[in-house]
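**Student:** What follows is a predicted structure for the sequence shown.
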Amino acid sequence: MSNVPQSVYRPLVIVVSGPSGSGKSTLLNRLFEEYPNKFGFSVSHTTRKPRPGEEDGKNYHFITRDQFNQLIKENAFIEHAEFSGNLYGTSVKAVRDVEDTGKICILDIELNGVKAVKQKQDELDARFLFISPPSLKVLEERLRGRGTENEESIKARLDQANEELAYSQQEGAHDLIIVNDDLDKTYQTFKNFIFDSYDRKFADV
Ligand SMILES: Nc1ncnc2c1ncn2[C@@H]1O[C@H](COP(=O)(O)OP(=O)(O)OP(=O)(O)O)[C@@H](O)[C@H]1O
C-alpha cells in the first residue's frame, strides 16, 4: 500500500451529549417511539462473554482480547475503555454499518466520548448536539426526582456536569446547544436538528 491519502467516505453520526439528568434518554426514547425504524445505535465490541440471550453482532460484537488489541492497533476504535476487567469499544465501522442499513446513527456519549469523536472527524461526519439543563439547580432537582441515584452519585454527576457545561461553552464545541426547559419545545428542536443534519447530507445524492 502506498502512503497516498485515500478519500474516505464519512458516515453521518449524531453525537448527543449533556450532563447526566439533562434529558438525553427522555428525548431519545421519544424519538425512537415516534420513528421506530429510522435510528440506530452502533454495535460495540467487547471482550466480555455473552450473557444468555445476547446475540453476536446484535447486542455486541463479542471478540477475544487478542482480536480487540489488533483492532486498537489498526486504529479501528473511536473510543475504547476497560470496565471491570473487560474491554469495550465503539468502532468507526460500527457507525458505518448503521448507515448501511439506511438508519441514522446516534451516539449518546459523555465528554470523553465527544472528545474522541472529534479526533476522528476525518473518518466520521459528526454533528454535535448538547442537551443542557436550564441550571445546575434544576439539574439537581431532576436527578433527585428521577429517584435512581444516591447522594454520592448525585454529587459525582453534578461535578461532572460542571465540566461538561464548561466544555460546552468553548467555541465550536457543539453544533447546537439546546436548553431543556420545556420538554415539548426541546423535543421539536432536537428532532429538527437531527433531520436537518440528515437532509443536508443526503438531499443532493
Ligand atoms: N424538560 C424537562 N422538564 C422536566 N423534567 C424533565 C425534562 N426533561 C427530562 N426530565 C426528567 O429529568 C430526569 C432526567 O432525564 P433523563 O433520565 O432523560 O436524563 P439523561 O440525560 O438521559 O441522564 P443519564 O445520562 O444519567 O442517563 C428524568 O426523570 C426526566 O423525566
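**Tutor:** Looks like it came in fine.
**Student:** and the lengthiest helix in the chain, is it in reach of the ligand?
**Tutor:** With DSSP state H setting the assignment, residue counts place helix 183-202 as the longest helix in the chain. Yes - using C-beta under 6 Å from any ligand atom, a contact is recorded between helix 183-202 and the ligand, made by 183, 186. C-beta: built from backbone N, CA, C; applies to glycine.
**Student:** Please list the residues of this protein that sit near the ligand.
**Tutor:** Taking C-beta under 6 Å from any ligand atom as the criterion, the chain approaches the ligand at residues 18, 20-26, 142, 145-146, 180, 183, 186.
**Student:** Separate out the buried members of these.
**Tutor:** Buried residues within those, defined by neighbour count using 16 or more other C-beta atoms under 10 Å: 18, 20-24, 26, 142, 180, 186.
**Student:** need the strands for the protein, in chain order.
**Tutor:** Counting by DSSP state E, one finds strands in the chain at the ranges 12-17, 39-40, 44-46, 60-62, 77-83, 86-91, 104-108, 125-132, 176-179.
**Student:** can you list the weak-confidence ranges in the chain?
**Tutor:** Residue ranges of the chain with pLDDT under 70: 1-6, 204-205.
**Student:** tell me, what residue is most central in the protein?
**Tutor:** For the chain, the residue lying nearest the average C-alpha position, counting by C-alpha atoms, centre = their mean, turns out to be L107 (2.2 Å).
**Student:** That one: what's its closest spatial neighbour, skipping adjacent residues?
**Tutor:** Distances taken as C-beta to C-beta, 6 or more residues apart in numbering put V15 closest to L107, at 5.0 Å, once the chain neighbours are dropped.
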